[in-house]
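J.: quick check, what structure comes out for this input:
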Amino acid sequence: MVNIVLPVDFGDKTDQLVDGAIKFAKEVNGKINLIHVAPSDIGFAIGDMGYQYFPEVEENEIREELVQLNKIEQRIIAHDVDCEHLLKQGIAKDIILEYAKAKNASYIVMGSHGRSGIYDVFVGSLTKGLTKSSHIPVVVLPIHD
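T.: Predicted coordinates:
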């Protein structure tokens, strides 16, 4: 079976990305390895007293993200595609590449919103970073309105 890594960010285009990944997985007889990378700084806030850490904020956020991952996993499985999921905290590009290696993935499936120019300069593009760093093919699905 072909292992496919599918990073999700729970943005407004996640459903379109998942639909495309399901279609792709069916075409290649693949299993989807769903991953969400949460930022390391969940639970930190800056205020009058400087940086403060609120573990309950982090725990609640992680719990909610796991619920969302479970829902996506069940949706994929309902389309007769094998799926498992992982949630980790850290630097998205590094963790996704490590996960792809650990899963012996044949593909990483990403979405592209078609943004360019000044957006990429300030925000950067995870998809662009992965295509530059990955040793396995990165399948980029166009996700537009």
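J.: name the helices or strands packed onto the longest strand along the chain?
T.: Among all segments of the chain classified by DSSP state E, the strand with the greatest residue count is strand 30-38. Helices and strands touching strand 30-38, as assessed by 3 or more C-beta pairs under 8 Å, 6 or more residues apart in numbering; DSSP states H and E, comprise strand 2-7, helix 14-28, helix 55-78, strand 83-89, helix 92-102. For glycine as for every other residue, the C-beta is placed from the backbone atoms N, C-alpha and C.
J.: relative to helix 14-28, how tilted is that strand?
T.: Our comparison of strand 30-38 with helix 14-28, counting by axes from the mean of the first three to the mean of the last three C-alpha atoms, to 10 degrees, yields an angle of 150 degrees.
J.: and strand 30-38, average pLDDT?
T.: The predicted model gives strand 30-38 an average pLDDT of 95.
J.: extract the C-alpha set from it and format it as PDB.
T.: The C-alpha atoms that make up strand 30-38 are tabulated as PDB, following Å, rounded to 0.1, in the frame of the first residue of the first chain:
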ATOM      1  CA  GLY A  30      -3.000   4.600  -0.800                       C
ATOM      2  CA  LYS A  31      -3.400   5.000   3.000                       C
ATOM      3  CA  ILE A  32      -3.600   8.500   4.300                       C
ATOM      4  CA  ASN A  33      -1.400   9.400   7.300                       C
ATOM      5  CA  LEU A  34      -3.100  12.500   8.500                       C
ATOM      6  CA  ILE A  35      -1.000  15.000  10.500                       C
ATOM      7  CA  HIS A  36      -1.600  18.300  12.200                       C
ATOM      8  CA  VAL A  37       1.300  20.300  13.600                       C
ATOM      9  CA  ALA A  38       0.300  22.700  16.400                       C
END
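J.: give me the sheet partners of that strand and which way each runs.
T.: Using DSSP bridges, the strands paired with strand 30-38 in its sheet are strand 2-7 (parallel), strand 83-89 (parallel).
J.: adding mean neighbour count, mean pLDDT and distance to Ser133, write the ones you listed out as a markdown table.
T.: Formatted as a markdown table, the entries for these read as follows, by neighbours: other C-beta atoms under 10 Å; pLDDT from 0 to 100; distance: least, C-beta to C-beta, whole Å:
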| stretch | mean neighbour count | mean pLDDT | distance to Ser133 |
| --- | --- | --- | --- |
| strand 2-7 | 23 | 97 | 13 |
| strand 83-89 | 17 | 94 | 17 |
